[in-house]
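> sequence first, predicted coordinates after that:
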Amino acid sequence: MTRKLLASVAVTVTMAAAIPAATEAKEHPVTVHGAVQADILFPEEDATIGTEKYDSKILGNGYASAGLYSKYVDAGLRLEYMQYPLPGFERDFKGWGLGNIYAKGKFKGVELTLGDFYDQFGSGFILRTYEERSLGIDNSLRGGRIKVDALPGVHFTALAGLQRRYWDWSDKSQVYGADIDLDLQQWIRPLADHNIIWTLGGSWVLRNQADETIQVVNEIPVTEGQPAPEPPYTVSKLGLPEQVNAFDVRTHFNKGGLDLLGEFAWKDRDPSLDNNYTYSRGTAVMLSGSYSRPGWSAQLQVKRSENMAFRSQRSMQGVSAFINNMPAFAYQHTYALAAMYPYATQAAPGEWALQGAFAYSFKRRTAMGGRYGTKFRLNVSYIRGIDREGTWKSGNTDLYGTDGQKTRFFGWGPLYYSDLNLQMDKRITKQFSLNAMYMYQRYNQSVIEGHGGMVNAHIGVAEMKYKFDSRFTLRGELQYLGTKQDKGDWVYGLLELSVLPYVMVTVSDQWNTGTTDTHYYMFSVTGNYKANRLMIGYGRTRAGYNCSGGVCRYVPASRGFQISYNYNF
Amino acid sequence: MKLKHIFLSCVSAALLASCSEYDDPADRFTEVPDVTPVSRVLLAEFTGQLCSNCPTAHEKIEDYERLFGDFFICVSIHGDNTMMGLPVNNPMGLGTEQGVKYNELFNVELWPNAVVNWKSGALGSDYGKWVSKLVEGMIRPTDIDLSATASMPTDSTITVDVRIRSDKAQPGTRFNIWLSEDNIIGMQLMPNGAPDPKYVHNGVFRKALCGIEGEDVAIIANVEASESRSTVIDPKWNPENMNAVVFVYTESQGVTNVIKTKVKPFAKPE
């Protein structure tokens, strides 16, 4: 009894002494978080599917990041290793080192960041820096940024830096910017009283890049009776503006289920390789509206953009060095065959893009809803070029130094992409659920990939899930793509057995029943344990495009063992 | 009131920023003086039969040949099926294993592409940079004399004889001999996305006789260096349409001289 009493007293005294320290630590905790990611391929050459030749037996991309977070200071860094990168990344992607390092101070609504940072103004029309590892994109800025949220309803950002392009932070080009968002409901009381959110925003970005030598050669016409000039040509150097400004204004209105967004962006004369060194200004305008009620929702968006490729290096090609990002207006599909022909946003030539979605849930225990309810979703994407005199062609040196081809604002050019898909999500029984989709797609392969003409495809998907018990779930997918163009028809099948919470076994095959009669099989086992995730697989990956947000990377065909590991702490 | 001032300031800034020194098209070009060519220049074009933008590059090359004449020498290098071409072992393909290695050597990953005088680096499809590097190479004098003859001593071999002379020592010089072929009728994907099966390919790279990076050659002041290389004719080649492109280069200066000579056909003994 005495021992127990003494022990209780000791515990109580200890806890009492610990409480102030714990409280202080709780008030100002310092936490450390981070992640490790490694994707590895042991490549094998396979002439049937047209793989590359490999110099290394092991290829992989690795990332390790750690960050320290506290009330007043955050700091972090990321180590990257891509000395032998996975196939399909641009050559300058290869390398290793400290890809990201930053320190951030926060105090009373003011935040100052030094080092590498990501940011976006509005919808990204004039500034969007982000990391997308599957595409090899990291266009962060290295410099300084200040964010001020000290005043109610006013959000202000100013930044300046050098843009990262793989392992280079070129000081020949700098990016400066400022952004302000105003929450009107903070000052206009009736808005707040009616639960209305109404914001106005404006942004400015300046790219300052040193001059480059871009020249054109012009033939001197021969005058009859006069001796031929020697040399028979002149050479002229293009004057390139070193400073290019871009502006963006936007408004956003939300009340209850209604959401409206309008945005307009404008870019100064920015002759670049993307636009054939023409001097016309770039514009983008977007209107978006959505309405939702319990049980249904509708959304409609329209965007017109022209000459809005904005890079920190005007003569760059490929997917790198973009300061901005024009949002994709095509539905981002996740089913394998539905994503076979993904759309890449045509920022330089421009496009008209419309996207609509309608979703409806039939209630359970109704004729259409069944016992558990049924959800339907209809998505439509429709993208055309803009109406211009002549055809858009990269490398058209006749346009160098001009204002480019004349365009009409409301005119449409050729069809680039369209996609209509109807999706159904239905639980049939307590254990069994079904997702189904029908899709009709038109894909202008000539515009998007440079060859092939218009591909018209009908796609059907059925995804079934059967839950045996709380541990075992079996998922299956069956997909079919029918087209008379490109490589013809495809069939896709997948079976996935999940043994919760630790293991998942997947086997799949993508079979081109059209021109090649080739199977792209894949077998993988995935294990999860606490914060660890490990996937080991073997199979073939077909050549194609990996797209995210309208930006696409060509991925060559590959075969071999794959290991993928993720750890978060 | 303050908001109004801020708004008006932003509009004024936007309007001011919209004024550009390049508003008048006449202000966008500055003529480059003294562009009379004095040296030949080598453009290695990286191309592919499945590259729909490559015919545009070929049109540019035809313009350069017409305007620059003998000062401009172009060889078109094809790779394999991972380089917008057909597989190397495809009988209709124009790619070679050496062509693949040249693509890798210069880190070519977009087509069409070009390297001027060996040292410009891959210029992508930026024709404005092609012109600037070509002009830079043509107006730079050379102190190396280079001559070459190419002949067929037998009906199955090509021999190229090279003579190099300079009035200064030229340490670190390497040379190479590229065989190229004109008038090859073969498939080419066109800008409209459709293939043209009867496209005429010119200047197609066939073989480097001195390996990928050439061979060292000792150039001593006022002493002529002679080199000779031979090769067996590949069955795919038509020697009547072939040329030898000979160039000397250093790592620091790039190509210091280049010459192109037609392969003289085999003369059957009487």
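Here it is on my side, so go on.

> which residues in chain A form helices?
Counting by DSSP state H, chain A has helices at residues A:2-27, A:189-193, A:445-449.

> which outside residues touch the last one?
Helix A:445-449 has contacts (C-beta atoms under 8 Å, 6 or more residues apart in numbering or on different chains) with A:341, A:343-344, A:346, A:385, A:414, A:416-417, A:451-455, A:485-486, A:545, B:52, B:192-193. The C-beta positions use only the backbone N, C-alpha and C, and glycine is treated the same way.

> average pLDDT across that helix?
Helix A:445-449 shows a mean pLDDT of 89.

> how about the residues of the stretch 151-300 of chain A by chain B?
Listed as neighbours of chain B in the stretch 151-300 of chain A under the rule C-beta under 8 Å from any C-beta of the partner chain: A:202, A:204, A:212-217, A:219, A:230-239, A:241, A:245, A:247, A:266, A:268-269, A:273, A:277, A:279, A:281.

> show me those residues that map onto strands.
A:202, A:204, A:215-217, A:219, A:233-238, A:245, A:247, A:266 (DSSP state E).

> among the residues of the stretch 151-300 of chain A next to chain B, which ones are buried?
Among these, those scoring as buried are A:202, A:204, A:212, A:214-217, A:231, A:233-239, A:241, A:245, A:247, A:266, A:268-269, A:273, A:277, A:279, A:281 (criterion: 16 or more other C-beta atoms under 10 Å in any protein chain shown).

> about what we covered before: with respect to the helices of chain A, which exhibits the lowest mean confidence?
Of all the helices of chain A, mean pLDDT reaches its minimum on helix A:2-27 (a mean of 44).

> starting at the chain centroid, how far to stretch A:177-196?
In terms of C-alpha atoms, centre = their mean, to the nearest Å, the centre of stretch A:177-196 is found 29 Å from the chain centre.

> ignore the last one, stretch A:166-177
Averaging C-alpha positions (C-alpha atoms, centre = their mean) puts stretch A:166-177 21 Å from its chain's average.

> mind listing what's buried in it?
A:166, A:169, A:173-177.

> okay, now the unreliable bits of the chain?
Went with chain A since none was named. A:1-28 (pLDDT under 70).

> please refer instead to chain B.
Checking chain B against pLDDT under 70 turns up B:1-19, B:270.

> which residue ranges of the stretch 101-250 of chain B form strands?
Assigned by DSSP state E, counting those that start in this stretch, the strands in the stretch 101-250 of chain B fall at B:113-116, B:144-154, B:157-166, B:174-181, B:184-189, B:195-201, B:204-208, B:215-216, B:225-232, B:242-250.

> to chain A, which of those strands lies closest?
Of all those, it is strand B:184-189 that lies closest to chain A, at 5.4 Å by C-beta to the nearest C-beta.

> got the angle between that closest one and strand B:204-208?
110 degrees (axes from the mean of the first three to the mean of the last three C-alpha atoms, to 10 degrees).

> CA atoms only for strand B:184-189, dumped as CSV, please.
Extracted C-alpha coordinates of strand B:184-189, given in CSV (Å, rounded to 0.1, in the frame of the first residue of the first chain):
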residue,chain,number,x,y,z
ILE,B,184,17.8,8.6,-102.3
ILE,B,185,14.1,8.0,-102.9
GLY,B,186,12.6,6.9,-99.7
MET,B,187,9.7,7.3,-97.2
GLN,B,188,9.4,10.6,-95.3
LEU,B,189,6.7,11.7,-92.9
